[in-house]
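A.B. asks: need a structure here:
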Amino acid sequence: MTQFFRSYCIRRVFLVVLLAWGGATFALAQPDVELPVSNEIDLFMERVLDNRDAAWRRLEGFLLQEVETFEVEAPLGVPLSGFLREYEWYVRDDTVVRSPVRFDGVELDADARRSYEEEWLEREQRERGRRAGRRRGISRRSQEDNIRITIERSWGGTVDETLLARIAADADFLGHDLAAVALNTGAILDALGGVEAVGFIDAVEQTRLLFVMLDEERLSVDEVARALRRPLLALVDQLDLVEAEGDDALAGLVELATLAEAAGVDGRQVGTYLGQAADRLEATHPTTAQVLASLRAALPVAELGDVAEDALPGVEESLIDAARIEPSFISVPGFMEFTFEPGNYYFAGRETLAGREVVRVEYYPTDMFDDRVDNDRSERAREIDEGFNKTSLVTLWIDPTQHQIVKQTFDNTGMGFLPGRWLVRFDGMSATMEMGQPLRDIWLPLQLTVVGEVSTALGDFDVRFTQVFDEYRETVTGGRLIDVGASGVR
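C.D. replies: Have a look, this model is predicted:
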């Protein structure tokens with residue numbers, strides 16, 4: 001297998017295939033929800049993704065067991081390579097750590113486990129940092145009372161117990177009540193009746209708190225970007241209110257866009273909504289529309305990761321050797337934190353899944369792979385990115401009453417654009433994440449499955465990778481669940 005194909009295709013294909021996951025959510029919707037159309041489907045999906053993000057943060061309260069398998073079959077179903085690895089997640093140094101237990105049925109000794117855990121902690125502390133100021137000795141009930149008072153004072157209204165519990169869980173994760181309230185701006189706005197009930201200027205003012213928390217280093221840029229989507233879309237959807245509320249309303253919207261640009265918010269998170277605002281305001285407020293369009297154009301687009309772009313050399317390794325590469329870059333966080341681009345959702349029908357009435361939504365990405373013009377990247381790399389964008393499809397099965405993604409699949413409909421097809425060819429690849437409720441009404445990941453087929457002159461090779469998560473249990477110390485499998489995304 002060529003160096004280019006090994007470094008680019010194997011790493012990039014598997015990595016980005018797995019970044020297609022959307023994750024767990026909470027039940028905040030009303031019954032008998034009709035799936036929205038047009039721009040309303042973006043409102044619907046932002047609520048789904050907001051709940052997904054909240055569920056990922058809530059995972060800090062759980063310990064679990066994990067079983068990871070990797071299998072490669074040669075032609076005629078002959079086993080070629082693979083492994084079976086078992087892990088447990090437990091609290092250490094106030095952090096939930098992924099600890100290896102058995103590899104291929106052989107139990108690891110204490111030294112091997114300790115070495116793995118030390119590397120894990122060091123890597124996480126180096127790459128993600130540790131949040132300071134986590135509180136102890138504060139009961140969840142007292143925390144919810146404090147948050148209720150904060151919302152009443154700042155928003156002038158109250159929210160239900162379900163949302164209070166969600167915000168309290170975020171406050172424990174962040175170590176700060178006000179940051180948790182800001183992080184749930186979209187959910188609070190929706191619970192209080194939306195922009196029309198709260199008022200455009202007041203909704204802008206509450207959304208601005210996200211950037212205050214960013215400035216105080218209580219929230220990260222990515223957390224702000226994710227939390228900004230839902231209230232920003234709600235504001236854009238109610239732009240007609242600016243005529244009644246005056247120039248301050250428009251100035252507030254421009255300020256949010258300016259703050260987003262200055263903070264380096266990923267353009268794929270909010271760029272579409274700024275574009276919609278600019279289009280709607282072009283006839284009545286051309287100057288404001290021009291400013292918003294300029295700010296949208298200035299938003300950066302985050303890279304998916306560094307990828308080698310070597311020229312295509314001669315054969316350096318056999319397919320058998322390459323197949324033994326551990327797919328450690330496969331990770332649940334990529335699915336749980338994947339960036340969906342608004343405007344690319346399509347209603348595909350209603351179905352019954354595991355006895356649950358769901359709607360099927362198809363998502364066709366345009367910028368899942370960075371297609372910007374970049375002089376530092378080769379023309380071949382840009383063509384490959386464009387090919388992935390054109391041939392990728394994400395399908396989501398969503399409970400519309402709970403705004404919950406219960407299953408999601410990623411499929412690549414063709415990889416004919418990849419180089420080196422004279423030597424090796426990816427004939428298909430798909431990834432599936434299934435969610436469930438192993439504890440009460442909390443949605444958590446149950447299984448990740450990735451399958452693919454590679455064709456060579458030697459025949460067809462089948463690849464299968466799985467991660468199964470079970471035996472969930474709640475922590476008693478408030479430990480934070482580090483990203484499952486994050487060790488592999490390098």
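
A.B. asks: C-alpha only now, for contacts and for neighbours.
C.D. replies: Noted.

A.B. asks: helix/strand/coil for residue 348?
C.D. replies: Secondary structure, DSSP: H, G, I helix; E, B strand; the rest coil: residue 348 is strand.

A.B. asks: where along the stretch 1-150 of the chain do the strands fall?
C.D. replies: Taking DSSP state E, counting those that start in this stretch, the strands of the stretch 1-150 of the chain run over residues 62-74, 78-92, 95-103, 106-107.

A.B. asks: so which residues make contact with the first one?
C.D. replies: Meaning strand 62-74. 79-91, 96, 323, 327, 459-475, 481 (Cα atoms under 8 Å, 6 or more residues apart in numbering).

A.B. asks: swap in the shortest one?
C.D. replies: For strand 106-107, the external contacting residues (Cα under 8 Å, 6+ apart) are residue 101.

A.B. asks: now render the strands of the stretch 1-150 of the chain as a markdown table, adding mean neighbour count and mean pLDDT.
C.D. replies: Output for those, formatted as a markdown table (neighbours: other Cα atoms under 10 Å; pLDDT from 0 to 100):
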| stretch | mean neighbour count | mean pLDDT |
| --- | --- | --- |
| strand 62-74 | 19 | 88 |
| strand 78-92 | 17 | 85 |
| strand 95-103 | 21 | 86 |
| strand 106-107 | 12 | 92 |
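
A.B. asks: which of those strands sits closest to residue 441?
C.D. replies: Nearest of these to residue 441, taken as Cα to Cα: strand 62-74 at 13.8 Å.

A.B. asks: the inter-axis angle of the closest one versus strand 78-92?
C.D. replies: Interaxial angle of strand 62-74 relative to strand 78-92 (axes from the mean of the first three to the mean of the last three Cα atoms, to 10 degrees): 170 degrees.

A.B. asks: what angle do strand 95-103 and strand 62-74 make with each other?
C.D. replies: Angle, strand 62-74 to strand 95-103, by the same axes, to 10 degrees: 40 degrees.

A.B. asks: any idea of the mean pLDDT in stretch 233-248?
C.D. replies: Per-residue pLDDT values over stretch 233-248 give a mean of 91.

A.B. asks: pull the contacting residues for residue 273.
C.D. replies: Residue 273 makes contacts with 232, 233, 236, as judged by Cα under 8 Å, 6+ apart.

A.B. asks: for stretch 154-167, which positions count as buried?
C.D. replies: Within stretch 154-167, the residues scored as buried using 16 or more other Cα atoms under 10 Å are 155, 158, 159, 163, 164, 165, 166, 167.

A.B. asks: thinking again about what came up before, between the contacts of residue 273, which is nearest residue 393?
C.D. replies: Each of the contacts of residue 273 was scored against residue 393 by Cα to Cα, and residue 233 proved nearest at 24.0 Å.

A.B. asks: what about the nearest residue to that closest one once chain neighbours are set aside, helix or strand, and which?
C.D. replies: Distances taken as Cα to Cα, 6 or more residues apart in numbering put residue 273 closest to residue 233, at 6.0 Å, once the chain neighbours are dropped. Assigned by DSSP states H and E, residue 273 falls within helix 267-281.

A.B. asks: quick one on the thing from earlier: as a markdown table, the strands of the stretch 1-150 of the chain with distance to residue 51 would be great.
C.D. replies: Shown next, in a markdown table, are the strands of the stretch 1-150 of the chain (distance: least, Cα to Cα, whole Å):
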| stretch | distance to residue 51 |
| --- | --- |
| strand 62-74 | 18 |
| strand 78-92 | 24 |
| strand 95-103 | 22 |
| strand 106-107 | 38 |
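
A.B. asks: which of those strands sits closest to residue 220?
C.D. replies: strand 95-103 (18.9 Å).
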